[in-house]
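Novice: what follows is a protein structure lacking sequence information:
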Ligand code: NAP
Ligand code: MG
């Protein structure tokens, strides 16, 4: 037996065990016998230390030349680019994402940092003339102070980074509480920042149970803002608590993304997008394709293509580069998904592919396709966080748009067509924050806004220049001599 490595929090520029002395073991979801490491089970005291360090670091970090902060981000991006393979391999080991997707996610993080570094060279405000004296009035954007970031396990690299990069670029200091299911990835991020020379206290990571350290972080008097990505129930609790304590708060929550395929669509591309959107990362994406509305004229042909694509797809060991669908993150998650499949059946749905877990100790559920699911059935309304999608015949775009809007969510939506008028009707009619034409429901770029409408989000959008709205505030300076 090899010894289990123990990892520490990153607080005030140092690797520190939790003051509680407690740890927990994180296991590999494909080989549950294998322990990835022992991680701190932190408590309120560790949060206090991290927020204190971030508050102390704020003044010098926020007042240095913004381009010097940008230089630290560029340094970190270069280290990330050099470490893609090792970081991605550890991410795959701790949360099961197929290696090819892990590598893409880590590499994309370097681009996010470079984009945000570039932002530090931009104008910081506008200048007006005083209406009486003609002297200057400046409206500047300024950092907030300490920001708390609470993140999920499903994009354990990109989500913490797309929050931290703009937060740091604009001059805030950060306390990150990553998901317990993916602690090592967050600690490797801290290592990249540390090795790039980020000053002590500017970026801190505290590992632990959300129900234990979430509230102390959200309510801490020195935390100015909280950015949360995760599930609806937890997010609403975080929002209510943050608001009650007078903090700025932003939520990115679940989704139930529809993909609409019209009769004139390129069906080969549409079925490929349906496959990747519904099943890559084992469907554990907020933007995963949960509903596929196909025009009845091409329904059978599309269905055949999708089922063929599923037969060609590789399910299994996520460390193999040809694997497209790996394990679910843990046993509970797998049981939830299989429970939802059972419920889908009991409510009248029929299964065209998948539906049962694969043999072996890894938490593998193969691509699962339902048909004959009612619009008010569980699978049509609730987010099932796994490789499960449903096919619905439609006879017009209008019908598809109405049904696409039929859930509480509004994160992303896709349309496959060659007809511009249909595109325009889709863009005008679908209630979602991200609309994708002839592309899968999942995916995004670091320089454009990302976020959901309706129950999928709350507060300003993330990423691109949009991030400035959340991580800075406007200060008006009347300059008289
Ligand atoms: P989750 O259970 O809501 O957890 C998210 C984070 O909140 C974790 O770090 C969790 O900690 C923490 N947390 C738990 N209880 C808390 C509390 N009482 N106070 C403060 N923080 C607390 O979500 P998840 O299971 O990790 O992720 C899956 C969900 O995220 C799905 O619904 C998915 O759709 C959504 N998601 C949304 C987006 C988006 O951008 N819209 C992106 C990705 C995922 P621990 O788990 O470590 O205890
Ligand atoms: Mg959870």
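Specialist: Nice, I can see it. Predicted model, so just to flag it, every value in this text is computed and none were measured. Numbers count the residues shown, from 1 in each chain. Ligands and ions are numbered 1, 2, ... in the order given.

Novice: for the rest of this, base every contact and every neighbour count on C-alpha atoms.
Specialist: Will do.

Novice: and the longest helix for the protein?
Specialist: Longest helix in the chain by number of residues (criterion: DSSP state H): helix 66-95.

Novice: show me what that one is packed up against.
Specialist: Packing partners of helix 66-95 (3 or more C-alpha pairs under 8 Å, 6 or more residues apart in numbering; DSSP states H and E): helix 99-119, helix 158-169, helix 183-195.

Novice: tell me the most buried of these?
Specialist: Counting by mean count of other C-alpha atoms under 10 Å, helix 158-169 has the highest mean neighbour count of these, with a mean of 25.

Novice: contact partners of it?
Specialist: By C-alpha atoms under 8 Å, 6 or more residues apart in numbering, the list of residues contacting helix 158-169 from outside reads 66, 69-70, 73, 105-106, 108-109, 112-113, 116-117, 119-120, 147, 149-152, 173-174, 176, 178, 186, 202, 227, 229, 446, 462-463, 467-468, 471.

Novice: now the helix or strand that that helix is followed by against helix 183-195, angle please.
Specialist: Using DSSP states H and E, the helix or strand that directly follows helix 158-169 along the chain is strand 173-177. Interaxial angle of strand 173-177 relative to helix 183-195 (axes from the mean of the first three to the mean of the last three C-alpha atoms, to 10 degrees): 160 degrees.

Novice: touching ligand 1 at all, the longest helix of the chain?
Specialist: No: applying C-alpha under 6 Å from any ligand atom, one finds helix 66-95 separated from ligand 1 by no less than 11.1 Å.

Novice: same check on stretch 277-292?
Specialist: Yes: shown here: stretch 277-292 in contact with ligand 1 (C-alpha under 6 Å from any ligand atom) through 285, 286.

Novice: could you tell me which residues of the protein lie near ligand 1?
Specialist: 150-154, 178-180, 208-211, 214-215, 229-231, 234, 238, 252-255, 285-286, 456.

Novice: among the residues you listed, which are located in strands?
Specialist: In strands, defined here by DSSP state E, the members of these are 150, 229, 252.

Novice: redo these as CSV? Include pLDDT and neighbour count.
Specialist: Shown next, in CSV, are these (pLDDT from 0 to 100; neighbours: other C-alpha atoms under 10 Å):
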residue, pLDDT, neighbour count
150, 99, 25
229, 98, 23
252, 98, 27
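
Novice: ok so, going back, so which of the helices and strands packed on helix 66-95 is nearest residue 324?
Specialist: Of all those, it is helix 99-119 that lies closest to residue 324, at 8.1 Å by C-alpha to C-alpha.

Novice: who's in contact with the closest one?
Specialist: Residues outside helix 99-119 that contact it (C-alpha under 8 Å, 6+ apart): 67, 69-71, 73-74, 76-78, 80-81, 84-85, 87-89, 91-92, 155, 157-158, 161-162, 165-166, 169, 281, 318-323, 446-447, 464-465.

Novice: strand partners of whichever helix or strand comes after that helix, parallel vs antiparallel please.
Specialist: For helix 99-119, the succeeding helix or strand toward the C-terminus, using DSSP H and E, is strand 125-129. Take DSSP bridges as the rule and strand 125-129 pairs in its sheet with strand 136-143 (antiparallel).

Novice: against residue 280, how distant is the nearest residue to residue 80 once chain neighbours are set aside?
Specialist: Spatial nearest neighbour of residue 80, excluding adjacent residues (C-alpha to C-alpha, 6 or more residues apart in numbering): residue 110 at 5.9 Å. Noted for residue 110: a distance of 22 Å to residue 280, by C-alpha to C-alpha, to the nearest Å.

Novice: cool, residue 153 as well?
Specialist: 15 Å.

Novice: distance of the most centrally placed residue in the chain from residue 109?
Specialist: The residue lying closest to the centre of the chain (C-alpha atoms, centre = their mean) is residue 159, at 4.4 Å. Residue 159 sits 9 Å away from residue 109, taking C-alpha to C-alpha as the criterion.

Novice: show the end-to-end separation of stretch 218-234, please.
Specialist: Stretch 218-234: ends 12 Å apart by C-alpha to C-alpha.

Novice: give me the contact list for it.
Specialist: Here stretch 218-234 makes contact (C-alpha under 8 Å, 6+ apart) with 51-52, 55, 144-152, 159, 163, 217, 235, 238, 241-242, 245, 247-254, 455-456.

Novice: and stretch 14-26, by the same measure?
Specialist: Contacting residues not belonging to stretch 14-26 are listed as 7-10, 35-43, 45-46, 94, 180-181, 200 [C-alpha under 8 Å, 6+ apart].

Novice: buried ones in it?
Specialist: Across stretch 14-26, burial judged by 16 or more other C-alpha atoms under 10 Å covers 15, 17, 18, 23, 25, 26.

Novice: narrow these to those in strands?
Specialist: Residues of those located in strands (DSSP E): 15, 23, 25, 26.

Novice: what is the first one paired to in the beta sheet?
Specialist: The partner list for residue 15 in beta bridges (DSSP bridges) reads residue 10.

Novice: and for residue 284, the neighbour number?
Specialist: Applying other C-alpha atoms under 10 Å, we find 23 residues neighbouring residue 284.

Novice: go ahead and confirm it touches residue 389.
Specialist: No: checked against C-alpha atoms under 8 Å, the pair residue 284 and residue 389 is beyond contact range at 11.9 Å.
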